[in-house]
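Participant: Next input, structure requested:
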Amino acid sequence: MKKIISMALTVVMLLTAVVAFSACSKDDEVLVMATNAAFPPYEYVEGEEFVGIDVEIATAIAEKLGMELKIEDVEFGSIIGGVAEGKYDMGMAGMTVTEERKQSVNFSDTYATGIQVIIVKEGSAIASLDDIFVFDDEGNPTALKNPEVKVGVQQDTTGDIYSSDDITNWGLNDVEEDGTVTTDRVVRYKTGAEAVEALKTDKVDMVIIDNEPAKSFVAANEGKIHILSGDNEYAVEDYAICVAKENTELLEKINHALAELKEDGTVDKIVAKYINAGSSN
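Facilitator: Reported below is the predicted structural model:
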C-alpha cells in the first residue's frame with residue numbers, strides 16, 4: 001500500500017513539474033497584451049485583425065523580446081486590474097500615466113503624447129472653452145456657463161477622469177472636498193463611438209476624447225460633428241504601457257526594447273503612419 005501511494009505521489013509530482021514547465025515555457029514565449037480595440041488610431045479592428053499604433057509598437061516590442069504577441073480585447077476599465085492580478089502581461093490602450101493608476105501598476109517610459117479635445121455637433125453654441133467655463137482674472141475656471149451641460153466620455157479613460165473632477169480643477173462636476181460628487185454631469189459609455197452617437201442624438205452636449213480618435217470619428221461623421229479648433233485643448237498627456245508592480249523584469253525589458261525602437265526611428269514611423277493618415281481627413 002505504501003509503495004502504491006509512493007508511486008502515485010511520484011506521478012503527481014511529475015505531472016506537476018510538466019505543467020509548471022509548460023506554463024513557464026508559454027510565459028517565456030507569449031506576451032499577452034490587454035487592450036480596448038475601439039480607440040482608433042491606437043487600437044481597433046480592421047477585418048479580423050487588430051491594427052493601430054499600440055498594436056504595431058507592441059508587436060515590435062514582442063519581436064525584440066523574442067516573443068509572440070497575443071492581444072486580449074477587453075473593456076478599458078478592466079485593463080489595470082487584469083494586469084495587476086497577472087491575468088495579462090501588460091496593458092496598452094492609449095493609456096495615460098496618472099497617480100491613481102500608479103498605485104496599482106507600474107508604467108513604462110512614454111511612447112506617445114495624447115491631447116484630449118472636445119467634440120461638438122455642427123451648429124453647437126459651444127465654440128470654445130469660454131462657452132463652457134467662467135474664468136477668473138488669472139484664467140482659472142470658477143463655474144460653468146451652463147450648469148445643465150452634459151459631457152459624454154468613454155468610461156474609465158482620461159476624458160472620464162478629468163471631466164469628473166471639480167470645476168475648479170477643470171472638471172465638469174461639483175465635487176466636495178471629501179471627494180463626494182454632488183452634481184455629476186458626465187455620461188459614461190463603453191466606447192468612444194457610443195459617446196459620439198449620444199452627441200449626435202443630443203443626449204450629451206459634447207464629447208471629451210483623445211485627439212486622434214476624435215479625428216477618426218469626425219471623418220466618419222463629416223458635416224455632423226467637429227473638434228473645437230484653436231487654443232481649446234482640454235488636456236495634454238503621456239501614453240505608456242502598464243505592467244504588474246512585481247514584474248520588474250518585464251518592465252525593464254519593455255523599456256529597453258522601447259529605447260531601441262525610439263532610437264532606430266521605428267516608433268516615430270509607426271506613429272506617423274497613423275497620425276498623418278488621420279490628419280489628412
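Participant: Which SSE is immediately downstream of the worst-scoring helix or strand of the chain on mean pLDDT?
Facilitator: Among the helices and strands of the chain, helix 2-29 carries the lowest confidence by mean pLDDT, DSSP states H and E, at a mean of 42. Downstream of helix 2-29, the next assigned helix or strand under DSSP states H and E is strand 30-35.
Participant: pLDDT (mean, whole number) over that next one?
Facilitator: Computed over strand 30-35, the mean pLDDT rounds to 98.
Participant: now stretch 184-200
Facilitator: 96.
Participant: Ends of that stretch, what's the gap?
Facilitator: Using C-alpha to C-alpha, to the nearest Å, one end of stretch 184-200 lies 21 Å from the other.
Participant: Report the distance from that stretch to the chain centre.
Facilitator: 16 Å (C-alpha atoms, centre = their mean, to the nearest Å).
Participant: contact partners of that stretch?
Facilitator: If you take C-beta atoms under 8 Å, 6 or more residues apart in numbering as the criterion, stretch 184-200 is touched by 36, 38-39, 75, 119-121, 149-157, 160, 163-164, 172-173, 203-207, 209, 213, 217, 221, 224-225. The way it works is simple: take the backbone N, C-alpha and C, and place the C-beta from them, glycine included.
Participant: run the last query once more with 7 Å
Facilitator: 38-39, 75, 119, 121, 149-155, 160, 163-164, 172-173, 203-204, 206-207, 209, 213, 217, 221, 224-225 (C-beta atoms under 7 Å, 6 or more residues apart in numbering).
Participant: repeat for stretch 134-141
Facilitator: Here stretch 134-141 has contacts from 133, 142-143, 145, 167-168, 170, using C-beta under 7 Å, 6+ apart.
Participant: top of these by neighbour count?
Facilitator: The member of the contacts of stretch 134-141 surrounded by the most neighbours (other C-beta atoms under 10 Å) is Ile167, with 21 neighbours in all.
Participant: need the contact list for it.
Facilitator: 141, 143-144, 174 are the contacts of Ile167 under C-beta under 7 Å, 6+ apart.
Participant: so of those residues, which ones are in strands?
Facilitator: 141, 143-144, 174 (DSSP state E).
Participant: Which among those count as buried?
Facilitator: 141, 144, 174 (16 or more other C-beta atoms under 10 Å).
Participant: May I have the phi/psi pair for Ile71?
Facilitator: phi -110, psi 130 (degrees, to the nearest 10).
Participant: Pairing partners for it in the sheet, please.
Facilitator: Met33 (DSSP bridges).
Participant: That one: neighbouring residues, count only.
Facilitator: The burial count for Ile71: 20, using other C-beta under 10 Å.
Participant: Isn't it up against Val51?
Facilitator: No - look at Ile71 against Val51 with C-beta atoms under 7 Å: they stay out of range, at 10.5 Å.
Participant: What are the boundaries of the helices in the chain?
Facilitator: Secondary structure of the chain (DSSP state H): helices located at 2-29, 53-64, 79-84, 99-102, 158-163, 192-200, 211-220, 248-263, 266-279.
Participant: hey, which of those is tucked in deepest?
Facilitator: Stretch with highest mean neighbour count among those: helix 158-163 (a mean of 23; mean count of other C-beta atoms under 10 Å).
Participant: Contacts for that one next, please.
Facilitator: 96, 98, 116, 151, 153-154, 170-172, 186, 188, 208-209, 234-235, 237.
Participant: Phi first, then psi, for the residue lying closest to Arg188 once chain neighbours are set aside.
Facilitator: Spatial nearest neighbour of Arg188, chain neighbours left out: Gln155 (4.0 Å); criterion: C-beta to C-beta, 6 or more residues apart in numbering. With angles defined as degrees, to the nearest 10, Gln155 sits at phi -50, psi 140.
Participant: What's the local residue count around Gln155?
Facilitator: Gln155: 17 neighbours (other C-beta under 10 Å).
Participant: Output the below-cut-off pLDDT ranges for the stretch 151-281 of the chain.
Facilitator: Applying pLDDT under 70 to the stretch 151-281 of the chain flags residues 276-281.
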